[in-house]
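# dropping the sequence and predicted coords here.
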Amino acid sequence: MAIHPTLLKLPTGYPNVQILAYLDDVFVLGPPGSVLSALKSLRAHFSTLHLEISDSKCEIFSPNSVPSEIRSTITIPITHDGTLILGIPIGIHRYVEETCCEFASKGVNLCDKLCQLHDIQSAMLLLKFCHIPRINHLARSVAPCLFRLAAELHDLQSR
């Protein structure tokens, strides 16, 4: 992958920053000032590869407040409740619970639509290979106490 060498080199210049990546999703973790410096460096390195980091696809998650001198220098949205990382909600408990329940309620709509299909086998295959793996991914990645309401909602729709 074109960005892999850059991602390997970057942490050496920022010892208190951790870089995590999955395909083209890159996560920069650490203190706000260091993260923004690392992000600036990433932008410079990516531009040599003719790649651009789009602020509209970025998000800063900080459970604590971000200092005003940092907030005034960025255009990236800041959230204090949580964010999605590879489809998994990370953040305060309320955010995680609500996000899981929103996903489970989308499953209710999906099941309603699948019931309208005339081909039951196709409906079951769509359920088996599309919705069930996604709900399982959430169930395996979120603390059980935070997933309980979503699991109950999912169980209700499965009846």
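Yep, it's here. Keep in mind it's a predicted model, so treat the numbers as computed, not measured.
# please count neighbours and contacts with C-alpha atoms only from this point.
Noted.
# what's the first helix or strand after the top helix by length along the chain?
Criterion DSSP state H: the longest helix present in the chain is helix 93-115. Counting by DSSP states H and E, the next helix or strand C-terminal to helix 93-115 is helix 120-126.
# can you give me the buried ones in that following helix?
Within helix 120-126, the residues that qualify as buried are residue 123, counting by 16 or more other C-alpha atoms under 10 Å.
# give the rounded mean pLDDT of stretch 88-98.
Across stretch 88-98, pLDDT averages out at 95.
# tell me which residues in that stretch are buried?
The neighbour-count check on stretch 88-98 (16+ other C-alpha under 10 Å) flags 88, 89, 90, 91, 93, 95, 96, 97, 98 as buried.
# mind giving me the packing neighbours of the longest helix of the chain?
strand 88-91, helix 132-141, helix 144-157 (3 or more C-alpha pairs under 8 Å, 6 or more residues apart in numbering; DSSP states H and E).
# now do 7 Å
strand 88-91, helix 144-157 (3 or more C-alpha pairs under 7 Å, 6 or more residues apart in numbering; DSSP states H and E).
# ok, now which ones touch residue 31?
With C-alpha atoms under 7 Å, 6 or more residues apart in numbering as the criterion, no residue contacts residue 31.
# can you find the helix or strand of this protein with the lowest average pLDDT?
Here the helix or strand of the chain ranked lowest by mean pLDDT, DSSP states H and E is helix 68-71, holding a mean of 78.
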